[in-house]
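S.K.: coords please:
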Amino acid sequence: MDKKKKVLLLGSGYVSGPVIEYLSRDPSVEITAASVMKEQLEQLAKKHSRIVPVVMDVTKDEERLSSMVKKHDLVISLLPYSFHPSVAKKCIDSKVNMVTASYLTPAMKELQQSVEAAGIMVVSEVGLDPGLDHMLAMECIDKAKEVGATVVSYTSFCGGLPAPEHSDNPLRYKFSWSPQGVLLNTIQPATYLKNGEIVNIPAGGALLDSVTVMDFFPGLNLESFPNRDSTKYAEPYGIQSAHTLLRGTLRYRGYSKAVGGFVKLGLINTELCTLLSAAAPSIKWQELMCKLLGLNPSVKSDDLREAIYNKLDKDERQLEAIEWLGLLGDEPVPRADTIVGALAKHMEIKLSFGTGERDMIVMRNEVGISHPSGHLEEKYINLVVYGDAKGYSAMAKTVGYPTAIAAKMVLDGEINTKGMVIPLTKNVYGPILERVQAEGIVYNIQSIIKQ
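M.R.: Okay, here's the model as predicted:
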């Protein structure tokens, strides 16, 4: 009889369903799921009878977590990325392999030597973005190099969106988790390479003025803006020859315009705000907006609306978004440390997916390839996945299944590189790209040869 393979899954959010479902297909895999979210765990246990649910705060009960890690062959961390280094240290101590979908952050990279010394592997960036974006890029880049060709340009765009029929709000967007990260992304700086020139976009909202209409699927009415520092991918991808290197975020057209209004009004503010603390008296959105604009709280609603309209440079679309969200009304502002934290909590309620509503993932890679013959080839790699109204969301599928496949590869000894592993090599990305297609994650590639 096969030896049991013991997996410890940390976290019970939306990604955990596909991970458990995939790994449970192998009867030799035993899964313990640990999470502080009791109801989510109960739901998972009801659906997947073979898992062992453990209610605990894995971020605080360090000793218990250490003793659990010791008893398993693999740890899959679906916790927020800031907790991964702590989990990784416990894996190092107990010589247990680890898999996570999140970025390999500087804090994780610092553990590289300890991971190698322990003789284990920590596999990261095996979700959607990061994850499938790397894999689809490297498959195309490696094939080009095999025929002696050179990559001259690389652009990659990805977005998690509501399906078109559920995009009916001024932001054309909905959230399946806390919006704070999404809001903060809009005020980040960005750097990319375009036609040999480095382009720097400063922090503070300038990103929203760098929006490009994307017409590769005209029926979807998409726009994009650059995402963080794209230039750092030249080296790991091995495409230092590229004159254009850009990674961006996809949204429906109108999103950036609406969020730009929040920036103008000072709502994407990360400074501590004592007005919103638990100890302060309750405050309404209307009152907070008056404070932000330096108006008397007793101002007439028409005058407040006019003042906001002027502050928005008389932009009707931005005003529509503010009014639609009820930010000029009597609803109480949620308690939070910051204004952006309060706005995120409010938007999570207003812009959540309703019962039966589907999400959608769109990813588009465009790779320019120069062949030894002198021909230029444009490769277009498209991935579109819809959520199932009564099943997994598109985001859960596209993050969860690649993560689960990578985990199974570790358990089965298919990935055996020690140290920090990300899916940039064919022995890792090849099987994952092949196996995700059986889970409904299907991509297509178009090629255009230019003289």
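S.K.: Can you tell me the centre-most residue of this protein?
M.R.: Nearest to the geometric centre of the chain sits residue 129, at 5.8 Å (CA atoms, centre = their mean).
S.K.: ok, that one - contacts?
M.R.: 158, 363 (CB atoms under 8 Å, 6 or more residues apart in numbering). Heads up, the C-betas are built off the backbone N, CA and C, glycines and all.
S.K.: ok, it to residue 361 distance?
M.R.: Note on residue 129: its distance to residue 361, by CB to CB, to the nearest Å, is 9 Å.
S.K.: Overlap of the contact sets of those two?
M.R.: residue 158.
S.K.: Show me where the chain dips below the pLDDT cut-off.
M.R.: 1-2, 177-178, 451 (pLDDT under 70).
S.K.: the longest helix in it is where?
M.R.: Looking across the chain with DSSP state H, the single longest helix is helix 394-411.
S.K.: list the helices and strands whichever helix or strand comes after that one packs on?
M.R.: Sequence-wise, the next helix or strand downstream of helix 394-411 (DSSP states H and E) is strand 419-421. In terms of contacts (3 or more CB pairs under 8 Å, 6 or more residues apart in numbering; DSSP states H and E), strand 419-421 is packed against helix 112-118, strand 121-123.
S.K.: Test my guess that residue 400 contacts residue 17.
M.R.: Yes: assessed by CB atoms under 8 Å, residue 400 is found in contact with residue 17 at 6.7 Å.
S.K.: Comparing those two, which residue is more hemmed in?
M.R.: A count of neighbours by other CB atoms under 10 Å puts residue 400 above the other of residue 400 and residue 17, at 27 against 21.
S.K.: Spit out the contact partners of the more buried one.
M.R.: By CB under 8 Å, 6+ apart, the contact set of residue 400 is 15, 16, 17, 18, 19, 22, 127, 392.
S.K.: Just the residues contacting stretch 262-274, thanks.
M.R.: If you take CB under 8 Å, 6+ apart as the criterion, stretch 262-274 is touched by 183-184, 186-187, 204-205, 208, 259, 280, 289, 292-293, 308, 311-313, 318, 321-322, 327, 336-340, 342-343.
S.K.: From those, list just the buried residues.
M.R.: Among the contacts of stretch 262-274, the ones that count as buried by 16 or more other CB atoms under 10 Å are 183, 186-187, 205, 208, 259, 289, 308, 311-312, 318, 321-322, 327, 336, 338-340, 342-343.
S.K.: thinking again about what came up before, which neighbours do residue 400 and residue 17 share?
M.R.: residue 392.
S.K.: need the strands for the stretch 101-250 of the chain, in chain order.
M.R.: Remark: strands assigned in the stretch 101-250 of the chain by DSSP state E, counting those that start in this stretch are 121-123, 150-162, 190-194, 197-201, 212-214, 222-226, 244-252.
S.K.: Burial-wise, tell me which of those comes out on top.
M.R.: Stretch with highest mean neighbour count among the strands of the stretch 101-250 of the chain: strand 121-123 (a mean of 25; mean count of other CB atoms under 10 Å).
S.K.: partners of it, with directions?
M.R.: Neighbouring strands of strand 121-123 in its sheet, by DSSP bridges, are strand 97-100 (parallel), strand 419-421 (parallel).
S.K.: buried residues in the longest one?
M.R.: By neighbour count on 16+ other CB under 10 Å, the buried set for strand 97-100 is 97, 98, 99, 100.
S.K.: One more: stretch 167-186?
M.R.: For stretch 167-186, by 16+ other CB under 10 Å, it's 167, 169-176, 179-180, 182-183, 185-186.
S.K.: so can I have a markdown table of the helices and strands packed on strand 419-421 showing distance to residue 143?
M.R.: Formatted as a markdown table, the helices and strands packed on strand 419-421 follow (distance: least, CB to CB, whole Å):
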| stretch | distance to residue 143 |
| --- | --- |
| helix 112-118 | 29 |
| strand 121-123 | 23 |
